[in-house]
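Quick one, fold the following:
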Amino acid sequence: MDLLQLLSKIPDPEIPVVNIVELGIVRDAFFLDGESVQVIITPTYTACPAMYAIKQDIDKLLREQGLKSQIKTVYAPAWTTDWITADALEKLRQFGISPPGKVDEELSGVGKTCPRCGSNNTRQVSRFGSTLCKAAYQCNDCLEPFDYFKCH
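Next up, the predicted model:
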């Protein structure tokens with residue numbers, strides 16, 4: 001049984017178009033014995049409110065497969081947007097969330113790309129968006145608001 005493939009059935013509770021594996025929240029998963037599985041996870045933010053739901057979803061899915069779960073949360077090394085897969089970055093964009101760039105782009109002050117029209121002529125409305133991991137932006141060309149998934 002491919003545990004990562006199984007766990008990829010669990011959508012992120014806050015951004016359901018991506019799953020917890022492609023976001024990089026699941027660091028590892030392996031069998032301890034024939035019926036016990038350890039899953040190692042890292043939150044996108046230390047105080048991420050979705051982690052409780054993610055743990056419940058992991059436990060439920062594994063129980064449905066007749067497995068016992070042992071879920072371990074690790075904080076070091078800290079989660080980074082570099083762990084998000086290329087497919088997940090594209091899913092975020094198609095969903096209307098501007099995906100994170102590289103850290104040096106974040107610090108440069110360059111406008112974030114509007115996921116609707118592709119313009120970089122954007123402005124930050126608020127450092128905090130609909131969730132802790134996002135900031136609120138608006139496109140100055142198409143005037144649409146959008147979330148930007150913060151790079152870190």
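
Please report phi then psi for residue 79.
phi -60, psi 150 (degrees, to the nearest 10).

Now do the SS call for the residue nearest in space to the middle of the chain.
Nearest to the mean C-alpha position of the chain, by CA atoms, centre = their mean, lies residue 23 at 4.0 Å. Using DSSP: H, G, I helix; E, B strand; the rest coil, the structure places residue 23 in coil.

What of residue 94?
Secondary structure state of residue 94, per three-state DSSP, is helix.

Can you give me the pLDDT of it?
Looking at residue 94, its pLDDT stands at 95.

Check the one 3 residues further on too.
With respect to pLDDT, residue 97 scores 94.

Quick check: it touching residue 15?
Yes: contact criterion CB atoms under 8 Å: residue 97 and residue 15 qualify, at 7.0 Å. To be clear about C-beta, it is placed using only N, CA and C from the backbone, and glycine gets the same treatment.

for the protein, what spans make up the strands?
Remark: strands assigned in the chain by DSSP state E are 26-31, 36-41, 68-73, 97-98, 122-126, 134-139, 145-149.

Show me what counts as buried in the biggest helix by length in the chain.
Longest helix in the chain, counting residues (DSSP state H): helix 51-64. Neighbour-count burial for helix 51-64 flags 51, 54, 57, 58, 59, 61, 62 (criterion: 16 or more other CB atoms under 10 Å).

which of those residues sit farthest apart?
The most widely separated members of those are 51 and 62, with 16.5 Å between them, by CB to CB.

Tell me the one of the buried residues of helix 51-64 nearest residue 5?
Taking CB to CB as the measure, residue 61 is the one of the buried residues of helix 51-64 closest to residue 5, at 11.7 Å.

measure residue 144 to residue 101 for me?
19 Å (CB to CB, to the nearest Å).

for residue 50, that is, sorry about that
Separation of residue 50 from residue 101 (CB to CB): 23 Å.

Looking at those two now, which is surrounded by more residues?
More crowded of residue 50 and residue 101, by other CB atoms under 10 Å: residue 50, with 20 against 17.

Appreciated, that's everything.
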